[in-house]
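Novice: What would the 3D arrangement of this be:
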Amino acid sequence: LAVDEKGIPGHHIKVPFLLTHGDQDKTGSIRKQAPEWAAYEPDCRYRVIPDAGHNANQDNPATFNAVLLDFLAETEAS
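Specialist: Below is the predicted model:
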């Protein structure tokens with residue numbers, strides 16, 4: 001099996017997962033690749049954290065924690 005930047009073609013993560021990054025993240029190509037990855041994975045919840053760089057949980061903990069708690073509540077309810 002070949003692996004590329006989208007993972008293994010035809011395979012998906014089979015559990016809900018949260019994908020985040022800061023809106024000011026300049027690490028690698030995360031701002032370009034994250035939306036593509038989220039669109040490929042049906043169980044992905046994708047959120048961009050405002051006023052945050054690569055360490056979004058540290059740069060904007062209030063927003064990150066709210067997003068995380070919403071995701072956990074949504075996951076628990078399903």
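
Novice: partner residues bridging residue 20?
Specialist: In this structure, residue 20 bridges to residue 47 when assessed by DSSP bridges.

Novice: Identify the residues contacting it.
Specialist: For residue 20, the set of contacting residues under the criterion of Cβ atoms under 8 Å, 6 or more residues apart in numbering consists of 46, 47, 48, 49, 56, 64, 67. C-beta coordinates here come from the backbone N, C-alpha and C atoms, glycine included.

Novice: Next one: the closest residue to the fourth one other than its chain neighbours from residue 31, what distance?
Specialist: The one in question is residue 49. Leaving aside its chain neighbours, residue 49 sits nearest to residue 56 (3.9 Å; criterion: Cβ to Cβ, 6 or more residues apart in numbering). For residue 56, the distance to residue 31 equals 12 Å [Cβ to Cβ, to the nearest Å].

Novice: Give me the more crowded residue out of the two.
Specialist: Relative neighbour count places residue 56 above the other of residue 56 and residue 31, with 23 against 15, counting by other Cβ atoms under 10 Å.

Novice: List of residues touching the helix ranked longest in the chain?
Specialist: Across the chain, the longest stretch assigned as helix under DSSP state H is helix 61-77. Counting by Cβ under 8 Å, 6+ apart, the neighbours of helix 61-77 from elsewhere in the structure are 16, 18, 20, 45, 47, 49, 50, 51, 52, 56, 57.

Novice: CSV for the residues you listed, including distance to residue 26, secondary structure and pLDDT?
Specialist: Rendered in CSV, the data for the contacts of helix 61-77 read as follows (distance: Cβ to Cβ, whole Å; DSSP: H, G, I helix; E, B strand; the rest coil; pLDDT from 0 to 100):
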residue, distance to residue 26, secondary structure, pLDDT
16, 28, coil, 96
18, 21, strand, 97
20, 15, strand, 97
45, 23, strand, 97
47, 18, strand, 98
49, 14, strand, 98
50, 15, coil, 98
51, 14, coil, 98
52, 12, coil, 98
56, 13, helix, 97
57, 17, helix, 98
